[in-house]
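Peer 1: need the 3D shape of this:
(one chain, ligands or ions: 1)
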Amino acid sequence: MTGPAWYDRAGPVRDERGRERTDETRRGYDEVAAAYAERFDDELDGKPLDRMLLDLVAHSVDGVLADVGCGPGHVAAYLRDRGAAVVGVDLSPHMVEVTTRRHPGIPFRAADMRALPADDGEWGGIVAFYSVIHVPDLSAVFREFARVLRPDGTALVSFHVGDEVRHVEKFLGRTISLDFHFFTRPTVEAAMAGAGLEPRAYLERRSYPAEVETTRGYLLARRA
Ligand SMILES: C[S@@+](CC[C@H](N)C(=O)[O-])C[C@H]1O[C@@H](n2cnc3c(N)ncnc32)[C@H](O)[C@@H]1O
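Peer 2: Residues are numbered from 1 along each chain as shown. Just a heads-up that it's a prediction; the model follows:
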């Protein structure tokens, strides 16, 4: 990756599509949780398009809005501050600890996004910013999103646009092993549609100066 990077990339860029590395992903985010929170907690200040989309979701969703793959919880806090009833879920228990300390008013839980801590139809909306990028099989993710969303519920998912997997072994000064899966719009839309989530809108933007230089995709979908 070029541009101002938020990690020091030591590993090679390689195509490893289909590899499932949940344990390494959990360990990686456990390792960087505190540094990640320091680095990204105020990032929405410099992301007007992201804020616009989050405003839309915060004001249109009825019921509980879940931040899935919430990381340091800044997106959940932003949504809460706009009146949404928010919960957060993340794979990394340490990330959840750090995040709970930073945002004590929001319930955060450690769980895999393919086995969410919610009953069928319990949630009104899901926001998943740059978290599905660690799960190669989007079908399993969106089947679970469709299960926990009520009919007409909303999902807003963001990802890096492309068709590759970037492997990272240095992240925020720590040694980890993370795969970042890029997805094309048709891939994400097909996985959504196959799971009963109707894609309704797609927005693509270039990276902001402080971000890793990738094209960013945002898909808004409705649970059929
Ligand atoms: C790149 S960070 C994004 C965090 C936050 N959403 C943001 O926008 O900054 C990816 C997050 O997704 C979480 N994650 C990765 N795989 C996951 C999974 N299978 N289930 C739940 N969370 C996962 C990671 O632990 C990490 O906190």
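Peer 1: what secondary structure does the closest residue to the ligand within the chain sit in?
Peer 2: Closest approach of the chain to the ligand (CB to the nearest ligand atom) occurs at Gly71, with a separation of 2.6 Å. (Each C-beta comes from the backbone N, C-alpha and C, glycine too.) Secondary structure, DSSP: H, G, I helix; E, B strand; the rest coil: Gly71 is coil.
Peer 1: tell me who's in contact with Tyr202.
Peer 2: By CB atoms under 8 Å, 6 or more residues apart in numbering, the residues touching Tyr202 are 185, 189, 217-220.
Peer 1: which phi and psi does the residue of the chain closest to the ligand have?
Peer 2: The phi/psi pair for Gly71 (degrees, to the nearest 10) reads phi 50, psi -130.
Peer 1: check which residues of the longest strand that the chain contains are buried.
Peer 2: In the chain, assigned by DSSP state E, the strand with the most residues is strand 149-160. Residues 149-150, 153-160 are the ones in strand 149-160 that count as buried (16 or more other CB atoms under 10 Å).
Peer 1: one step back: next step: the contacts of Tyr202 restricted to strands.
Peer 2: Per DSSP E, the contacts of Tyr202 map to strands at 217-220.
Peer 1: turn these into TSV, including distance to the ligand, neighbour count and pLDDT.
Peer 2: Formatted as TSV, those follow (distance: CB to the nearest ligand atom, whole Å; neighbours: other CB atoms under 10 Å; pLDDT from 0 to 100):
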residue	distance to the ligand	neighbour count	pLDDT
Gly217	14	20	98
Tyr218	12	19	98
Leu219	15	23	98
Leu220	16	19	98
